[in-house]
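Enquirer: Here is a sequence together with a model predicted from it:
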Amino acid sequence: MSLADHGRFPYTPITAGTPVEWPHGKRLALYVAVAIEHFPYGEGALGLSYSPGIPQPNTFNWAWREYGNRVGGFRLLDALTGTAMPPTVLLNTAAYEHCPELLAAYREAGAEFVGHGATNAVHPNGLSLDDERAMLVEVRDAIERAEGRRPAGWMSPGANPSAHTEDLLAECGYGYTLDWPHDERPNWMTTSAGPLLSVPYPHELNDVPAIALHHATGRDFADAIIDGVTELREAAAASDTPLVCGIVAHSFIVGQPHRLRPFRAALEQITASADDLWLTTPGAIAERFAAACPPPAA
């Protein structure tokens, strides 16, 4: 029986090699993305809730996230720069107006800014085609105005793209998406507007599913990071295909003091000997992969 398929890319096993090399012979590309998000007060969805069932205004949930913009985001940046990890920001562009000092700190540290909606209160999967296109253009243009260049990549708010998101991303000039956590290597996707690259994104080395959904502690999450990176280092060393590992931390989740401490220790441990690690950003991974493995001819 033939099942419904997304039509974006064919199945390819990990045993199929990819003709790409990371810089200086590194075997594993490692990036850490910090999600910086902003929500309206007293209206709309607030995403995951630590106080479900409370009607708007849900002050507790709004203030939980605001801690990340006032405190946690700065401390996560210190943890990244202290281990020479280039920062990546998954950005709600409403934060440009709300917390410009936080974004200035990441900009000063050379962060890559990835489009992550205007606010996480609005997900693409639920918008009309025209409204989703307008949102993608709004985010693209806001980042270009602030950073001097268009964002290369996109990650949907709520990890919730629509059936048309990839087509619209390619149409609007985005080069890669982080919406598909299906592989440890980049791969090309087919869209109605031309090829779009999928860069590996972590579903499990990600504090939302690990901590908010599956109730891991901060130390559990740190242990998972160490185990995951160690396993992928060994797998990449034993194969002909360099691999990608991403880690995602939300400023209001891992940015909390009791989670930040083991997270920082995990980063220090995995980067203490980085001869085989390319500490990088998803945009740099996409650029390197696209140069070595251009999209197949239409």
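Expert: On my side now, so go ahead.
Enquirer: Any regions of the protein where pLDDT drops low?
Expert: Scanning the chain with the threshold set as pLDDT under 70 gives 45-46, 298.
Enquirer: Do you have the strands of it handy? List them.
Expert: Counting by DSSP state E, the chain has strands at residues 28-36, 87-91, 112-115, 153-154, 176-177, 187-189, 196-198, 243-250, 277-279.
Enquirer: Include mean neighbour count and distance to Ala105 when you put these into CSV, please.
Expert: For glycine as for every other residue, the C-beta is placed from the backbone atoms N, C-alpha and C. Shown next, in CSV, are those (neighbours: other Cβ atoms under 10 Å; distance: least, Cβ to Cβ, whole Å):
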stretch, mean neighbour count, distance to Ala105
strand 28-36, 27, 11
strand 87-91, 27, 9
strand 112-115, 26, 13
strand 153-154, 27, 21
strand 176-177, 26, 25
strand 187-189, 20, 33
strand 196-198, 23, 29
strand 243-250, 25, 15
strand 277-279, 20, 19
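Enquirer: Relative to Asp223, which of those is closest?
Expert: Taking Cβ to Cβ, strand 243-250 is the member of the strands of the chain nearest to Asp223, at 12.9 Å.
Enquirer: Report the angle between the closest one and strand 28-36.
Expert: Calculated by axes from the mean of the first three to the mean of the last three Cα atoms, to 10 degrees, strand 243-250 forms an angle of 20 degrees with strand 28-36.
Enquirer: residues in contact with strand 243-250?
Expert: By Cβ atoms under 8 Å, 6 or more residues apart in numbering, the surrounding residues in contact with strand 243-250 are 27-35, 37, 68, 76, 90, 178, 184-186, 199-202, 205-208, 225, 228-229, 232, 235-236, 255, 263, 282, 285.
Enquirer: same check, this time on stretch 99-108
Expert: With Cβ under 8 Å, 6+ apart as the criterion, stretch 99-108 contacts 34, 36, 38, 69-70, 73-74, 77, 87, 89, 91, 95-96, 113, 146-147.
Enquirer: if we go to 10 Å?
Expert: By Cβ atoms under 10 Å, 6 or more residues apart in numbering, the residues outside stretch 99-108 that reach it are 34, 36, 38, 66, 68-74, 76-78, 80-81, 87-89, 91, 93, 95-96, 111-113, 146-148, 251.
Enquirer: Quick check: end-to-end length of stretch 102-116?
Expert: 16 Å (Cα to Cα, to the nearest Å).
Enquirer: What residues of that stretch count as buried?
Expert: 102-103, 105-107, 111-116 (16 or more other Cβ atoms under 10 Å).
Enquirer: try stretch 79-95
Expert: Using 16+ other Cβ under 10 Å as the test for burial, stretch 79-95 gives 79-81, 83, 85-95.
Enquirer: what's the farthest-apart pair in those?
Expert: With Cβ to Cβ as the measure, no two of those lie farther apart than Thr83 and Ala94, at 29.1 Å.
Enquirer: Tell me where the stretch 101-250 of the chain has helices.
Expert: Remark: helices assigned in the stretch 101-250 of the chain by DSSP state H, counting those that start in this stretch are 129-147, 165-171, 207, 218-237.
Enquirer: As CSV, these with distance to Trp22 would be great.
Expert: Converted to CSV, the helices of the stretch 101-250 of the chain look like this (distance: least, Cβ to Cβ, whole Å):
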stretch, distance to Trp22
helix 129-147, 25
helix 165-171, 25
helix 207, 26
helix 218-237, 9
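Enquirer: Of the ones you listed, give the one that comes closest to Pro195.
Expert: Among those, helix 165-171 comes nearest to Pro195, with 7.1 Å by Cβ to Cβ.
Enquirer: who does that closest one touch, helix- and strand-wise?
Expert: On a contact count with 3 or more Cβ pairs under 10 Å, 6 or more residues apart in numbering; DSSP states H and E, helix 165-171 meets helix 129-147, strand 153-154, strand 176-177, strand 187-189, strand 196-198.
Enquirer: Ok, which of those comes nearest Thr15?
Expert: Once the helices and strands packed on helix 165-171 are compared by Cβ to Cβ, strand 187-189 is nearest, at 14.4 Å.
Enquirer: tell me how far that closest one is from the chain's mean position?
Expert: Chain-centre distance of strand 187-189: 17 Å, with Cα atoms, centre = their mean, to the nearest Å.
Enquirer: Give me the sheet partners of it and which way each runs.
Expert: strand 196-198 (antiparallel) (DSSP bridges).
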